[in-house]
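Novice: Here is a sequence with its predicted model. Questions after.
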Amino acid sequence: MVNHLCKYEDAGNDIKKAFQEIKKNNKEANKKNKQQSSSTPSITNIPVITLLRLQQIQLEANLIQSSIDNYADKPFSTHRKKAIYKQIGRAVASANLPFSFVDDPEVKKLFALFNSYFKLPSRKWLSTDIIEDLNNDVIIEIQNFITNSHFIILSGIGWTSQTRNNIVNYVLVNENRQSELYKIENKSNQQHLGKNVYMDYKEVGMKIGLEKWAEFVTDNDGNYANARRLMNSVCICFIILFIIFNKI
């Protein structure tokens, strides 16, 4: 090992000098031990000051290396690659980037700098399997939110996009004022919008469960006010059915 480090070009002069000193001390110790017919020489024959100085040099030069894996690329595990793919999907959705982002040559070069073994997913793979996996994760997250909440308020928020589409966000709010986006519906060019929103309210509310669905909130727009009136007309029936069901 000493001979190898002494010949290594990137090793500092101080490191080489220290190892040459150790090599010299080893030879002198071996010679002395042979003359005295002593046992096999050991590291304890090396002066303590030399070892301490070597450690100091190594720390100063920051050349202490626990594993070669820290300095060379290696393939990611299947679990790690799956996590990276999902994070790419989240980043693309969050930054509103096109799926073709992953096919850009400069983007591929960027990721290759981090790890030469890693290959970006294709645009088709990103837009199908990866997005589907992310959607399944969101469904599980929403279900856990409902399960861990004592009661839920269902809120319907309508807004108009830049492309003049009528969008409705259905948001769940629990007793701790924590919220979770349940789903988004495009209601553009729909007739009887108030009735359609009412049907969505009822569908989402029944999935939440009557035992947790405490209230619903809407905008004051005419269509949403109509949906609220329709909901009020059936709420009493829901309560009666819930009471009867629990008694049975």
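Specialist: Everything's here; your move.
Novice: domains of the protein?
Specialist: For the chain, automatic domain parsing gives the domain ranges 2-64, 78-141, 151-247.
Novice: got any ranges where this structure has weak pLDDT?
Specialist: Counting by pLDDT under 70, the ranges of the chain that qualify are 1-19, 22, 29-30, 32-72, 219-225, 232-248.
Novice: Now do the helices in the protein.
Specialist: Assigned by DSSP state H, the helices in the chain fall at 2-7, 13-35, 48-61, 78-94, 105-114, 123-125, 131-147, 193-208, 222-247.
Novice: Give me the angle between the fourth one and helix 131-147.
Specialist: Using axes from the mean of the first three to the mean of the last three C-alpha atoms, to 10 degrees, one finds that helix 78-94 and helix 131-147 are set 80 degrees apart in direction.
Novice: Show me what helix 78-94 packs onto, helices and strands only.
Specialist: For helix 78-94, the elements it packs on are helix 131-147, judged by 3 or more C-beta pairs under 8 Å, 6 or more residues apart in numbering; DSSP states H and E. (Glycine included, C-beta is placed from N, CA and C.)
Novice: which of the residues in the helix it packs on are buried?
Specialist: By neighbour count on 16 or more other C-beta atoms under 10 Å, the buried set for helix 131-147 is 131, 134, 142, 145-146.
Novice: what's that helix in contact with?
Specialist: Contacting residues not belonging to helix 131-147 are listed as 86, 89-90, 93, 152, 172, 174, 178, 180, 182, 208-209, 212 [C-beta atoms under 8 Å, 6 or more residues apart in numbering].
Novice: one step back: would you reformat the buried residues of helix 131-147 as a markdown table and include distance to Lys31?
Specialist: A markdown table is the format used below for the buried residues of helix 131-147 (distance: C-beta to C-beta, whole Å):
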| residue | distance to Lys31 |
| --- | --- |
| Ile131 | 73 |
| Leu134 | 70 |
| Ile142 | 78 |
| Phe145 | 77 |
| Ile146 | 81 |
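Novice: now, which of these sits nearest Thr163?
Specialist: Thr163 has its nearest neighbour among these in Ile131, at 21.1 Å by C-beta to C-beta.
Novice: and the gap between that closest one and Lys124?
Specialist: 11 Å (C-beta to C-beta, to the nearest Å).
Novice: between those two, what contacts are shared?
Specialist: Joint contacts of Ile131 and Lys124 (C-beta under 8 Å, 6+ apart) do not exist.
Novice: quick one, what contacts the closest residue to Gly205 other than its chain neighbours?
Specialist: Nearest residue to Gly205 in three dimensions, chain neighbours excluded: Trp213, at 4.7 Å (C-beta to C-beta, 6 or more residues apart in numbering). Listed by C-beta under 8 Å, 6+ apart, the contact set of Trp213 reads 151-152, 154, 205.
Novice: Tell me what Trp213 is bridged to.
Specialist: In this structure, Trp213 bridges to Ile152 when assessed by DSSP bridges.
Novice: dump the residue contacts of Lys86.
Specialist: Contacts of Lys86 by C-beta under 8 Å, 6+ apart are 130, 133-134, 137.
Novice: how about a cut-off of 6 Å?
Specialist: Listed by C-beta atoms under 6 Å, 6 or more residues apart in numbering, the contact set of Lys86 is empty.
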